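>>> Below are the sequence and a predicted model; questions follow.
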Amino acid sequence: RKEVEQDPGPFNVPEGATVAFNCTYSNSASQSFFWYRQDCRKEPKLLMSVYSSGNEDGRFTAQLNRASQYISLLIRDSKLSDSATYLCVVAVRTGGFKTIFGAGTRLFVKA
Amino acid sequence: NAGVMQNPRHLVRRRGQEARLRCSPMKGHSHVYWYRQLPEEGLKFMVYLQKENIIDESGMPKERFSAEFPKEGPSILRIQQVVRGDSAAYFCASRDPPMETQYFGPGTRLLVL
């Protein structure tokens, strides 16, 4: 089993749609959680951190369920510019601060 | 405030040659991570370094790969005797503890002929 698993993609949605990505992690000692975005042939960029209380940033909402070891990202009112690969990231403190990236879910938003 | 810098951006090597990839972290960041990304695949953790210290190298291949982050200068990922399977994008990220966010450089794309 992979340490961080994400929905298989790609997701093809029309502009204005709402889309949800799911992610599960296997290490119950995981302490920090993030969503990153990666455009084609570019570096990953932080989209948002994920907190137990849930957090929202404009059209993006992230949720964390520690009991189920599950993270989600909701994108409302999708824009063409949201087309990218979304990476679920989990961090564990084991003498340092090790981060594990999911394989990513590709999103295509079409006009 | 310059971001994470990596050079070269593209590197072509023939099988058996050495590849040296450089990463300058963001100003004030003392922790550096190296990742490898194969085409159409996710990021794979390689190594985590602090200045003059390797914190976690559990993702590094046992042979041919080494990394350092000296007191002065950039972090270096060195690949000796490259093979075609080493062709990938290599990303560096830096962090300023106790902050948890990693900031990525633009990557070095290595092509082994």
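Sure thing, it's come through. Numbering: from 1, shown residues only, chains lettered A, B, ... in the order given.
>>> From here on, just use CA atoms for contacts and neighbour counts.
OK.
>>> Any chance you could note which residues of chain A sit beside chain B?
A:32, A:42-46, A:95-96, A:98-104 (CA under 8 Å from any CA of the partner chain).
>>> Out of these, which one has the weakest pLDDT?
Ranked by pLDDT, the residues of chain A next to chain B bottom out at residue A:95 (65).
>>> hang on, the earlier thing: just the buried residues of the residues of chain A next to chain B.
By neighbour count, with 16 or more other CA atoms under 10 Å in any protein chain shown, the residues of chain A next to chain B hold A:32, A:43-46, A:98-104 as buried.
>>> Just give me the closest of the residues of chain A next to chain B to chain B.
Nearest to chain B among the residues of chain A next to chain B, counting by CA to the nearest CA, is residue A:103 at 4.1 Å.
>>> Helix, strand, or coil at the closest one?
Following DSSP: H, G, I helix; E, B strand; the rest coil, we place residue A:103 in the coil state.
>>> ok, it - contacts?
A:4-6, A:87-88, B:41-43 (CA atoms under 8 Å, 6 or more residues apart in numbering or on different chains).
>>> Return the closest of those residues with respect to residue B:24.
residue B:43 (19.5 Å; CA to CA).
>>> Can you give me the separation between the closest one and chain A?
6 Å (CA to the nearest CA, to the nearest Å).
>>> what's around the closest residue to that residue other than its chain neighbours, how many residues?
Distances taken as CA to CA, 6 or more residues apart in numbering or on different chains put residue B:37 closest to residue B:43, at 4.7 Å, once the chain neighbours are dropped. Residues within reach of residue B:37, counting by other CA atoms under 10 Å in any protein chain shown, total 18.
>>> try residue B:34
Every residue meeting other CA under 10 Å relative to residue B:34 is counted, giving 26.
>>> Which strand residues bridge it?
In this entry, residue B:34 is beta-bridged to residue B:47, residue B:92, by DSSP bridges.
>>> who's in contact with the residue nearest to residue B:43?
By CA under 8 Å, 6+ apart, the neighbours of residue B:37 are B:43-44, B:88-91.
>>> can you tell me which of the residues you listed are in strands?
By the criterion of DSSP state E, membership of the contacts of residue B:37 in strands covers B:43-44, B:88-91.
>>> Identify the spatial nearest neighbour of the residue in chain B positioned nearest to chain A, chain neighbours not counted.
Chain A sits closest to residue B:42 of chain B, with a gap of 4.1 Å, by CA to the nearest CA. With sequence-adjacent residues excluded and distances taken as CA to CA, 6+ apart, residue B:42 is closest to residue A:103, at 4.1 Å.
>>> again with residue B:90
Nearest one to residue B:90, counting by CA to CA, 6+ apart, is residue B:36 at 4.6 Å.
>>> Flag every residue of chain B that's near chain A.
B:41-45, B:48, B:55-56, B:91, B:100-107.
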